[in-house]
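Q: any chance you can model this:
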Amino acid sequence: MSLNNFYFKDSNFFSLWTFLLCSALSVWTPVQGEVLVIGSDLPIVAAPGDDVILPCHLAPTFDVQGLTVEWSKPDLKPDPSDRLSRVEYVHLYRDRKEVPDMKMASYFRRTELFMDAMKHGNISLKILNVSEEDNGRYRCFIPKLRSRVKAAVVELVVDSNFAKTSTTETPLQTPDPQDTTPTNAGRSSVTVVLLIAFISAVAVAGLIVYFCCHHQNRTKHPDDETQKQPLTV
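A: Just a heads-up that it's a prediction; the model follows:
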């Protein structure tokens, strides 16, 4: 292999790795000051008949009173045999008010947002008188939020064996709806750091493997010019 070819291939290799690493970091690293939608890492557990609060908020604090807020069950899909069917919402907030015409019948008059707390970025959903039919994942989504993290998922588990809470306003394992402190913002930061460390480790490992293979190839295949030198008698 000629010296020019060696440098050309090496420069292409380093350019590729630099591009992949920068792309990965740009995807996984949040922009400083970017507003994020944050839910709950732990499932919300309640007994049948409880009133529950599915926590979801924006961090840092951001006024969402003028934006659309959608709460839905992402695991529910439209009926493929019915072209006019659509996935209805658990709760839909639009134009500074609830839109009941587009919500699921089973949640009619059973859901509400904390209107006064929305100016602080609190979009937690309160569900009244839950039953086992309410089990599942819930997605809070702000479609027009200028962020790469516009949604979060909260899981609700309604268990008949779970002791009914003493108060229906604040179930166990459910944070205060007026608390706008980003409770899991620290865990999100740790996750980002771990992802960056993992990507960096993969990049370093790739460089090591490349140089090892390149060294072995140079050892096994010396330059052609050296092989073609005439023998002296």
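Q: going forward, measure contacts and count neighbours with C-alpha atoms only.
A: Fine.
Q: pLDDT on the strand ranked longest in the chain, on average?
A: Taking DSSP state E as the assignment, the strand of the chain that covers the most residues is strand 151-158. Here strand 151-158 scores 97 as its mean pLDDT.
Q: run through who's touching that strand.
A: Contacts of strand 151-158 with the rest of the structure, by CA atoms under 8 Å, 6 or more residues apart in numbering, involve 37-48, 54-56, 130-132, 134-142.
Q: tell me the strands beside that strand, with direction?
A: strand 44-46 (parallel), strand 136-141 (antiparallel) (DSSP bridges).
Q: returning to that earlier point: mark which of the contacts of strand 151-158 are buried, thanks.
A: 37-40, 43-48, 54-56, 130-131, 134-142 (16 or more other CA atoms under 10 Å).
Q: quick one, strands of the protein?
A: 36-38, 44-46, 52-54, 57-59, 69-72, 91-94, 97-98, 111-113, 125-127, 136-141, 151-158.
Q: out of the ones you listed, the one nearest residue 199 is which?
A: Nearest to residue 199, of all the strands of the chain, is strand 36-38, at 22.6 Å by CA to CA.
Q: give me the neighbour count for the nearest residue to residue 49 once chain neighbours are set aside.
A: Of all residues beyond its chain neighbours, the one nearest residue 49 is residue 129 (4.3 Å), with distances taken as CA to CA, 6 or more residues apart in numbering. A total of 15 residues lie near residue 129 under the criterion other CA atoms under 10 Å.
Q: and the one 4 residues further on, by the same measure?
A: A total of 10 residues lie near residue 133 under the criterion other CA under 10 Å.
Q: thanks a lot, see you next time.
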